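Novice: sequence-free structure coming up:
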């Protein structure tokens, strides 16, 4: 997983409430175990509207998505986070998130930022013409117009995102301690090690 510290650039000013995982990536795209290529299926139904924000050249390749309340509700499909990643989205800002989506986003290196609706409204306006800056270490979202919004994040999630540590990375970070424990078990209880071997 890539380290997340600063996310800055354009933002998709979506702002829609109750965007469920089926809207993010429709069920027909779930037949793959590969994460590659899911971005082209992201928000497929919304993209039927020629005026959608995702195909607007002004927002192409934006690393930030500004959403409405209850983003990522619905099913537990991890493909929703995969699709956002494949689109290049590194952070989603919304008033609230589905717990399951928020967990899946975190495990896939996507920062979820919870801000009040007033801040969302302001960022929606800014995103139409200007970039947005998210500083995970400072836990702030800023704009070129001196707007500054602070956000809370679980300290464990912050550490993992800033260190680029997914579940495998967390385990590998403890390799020395795991090895020392295994050596101690082998020395103290050789019958256990013999049974495993």
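Specialist: Yep, that arrived. As the structure is a computational prediction, the values presented were derived from the model and not from experiment.

Novice: which parts of stretch 7-17 are buried?
Specialist: 7-15 (16 or more other C-beta atoms under 10 Å). Quick note: C-beta positions are derived from backbone N, CA and C, even for glycine.

Novice: dump those residues into TSV; add secondary structure as well.
Specialist: Converted to TSV, the buried residues of stretch 7-17 look like this (DSSP: H, G, I helix; E, B strand; the rest coil):
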residue	secondary structure
7	strand
8	strand
9	strand
10	coil
11	strand
12	strand
13	strand
14	coil
15	coil
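
Novice: tell me the one of the residues you listed nearest residue 106?
Specialist: Nearest to residue 106 among those is residue 7, at 14.0 Å by C-beta to C-beta.

Novice: how about the closest one, what does it touch?
Specialist: Residue 7 makes contact with 63-64, 90-91, 111, 133-134, 136 under the criterion C-beta atoms under 8 Å, 6 or more residues apart in numbering.

Novice: pretty sure residue 130 is in contact with residue 144, am I right?
Specialist: Yes - between residue 130 and residue 144 there is a contact under C-beta atoms under 8 Å: 5.2 Å.

Novice: any stretches of the protein with poor pLDDT?
Specialist: Scanning the chain for pLDDT under 70 picks out the ranges 194-197.

Novice: domain parsing for it?
Specialist: Per the record, the chain has its domains at 6-164, 166-197, by automatic domain parsing.

Novice: sounds good, over and out.
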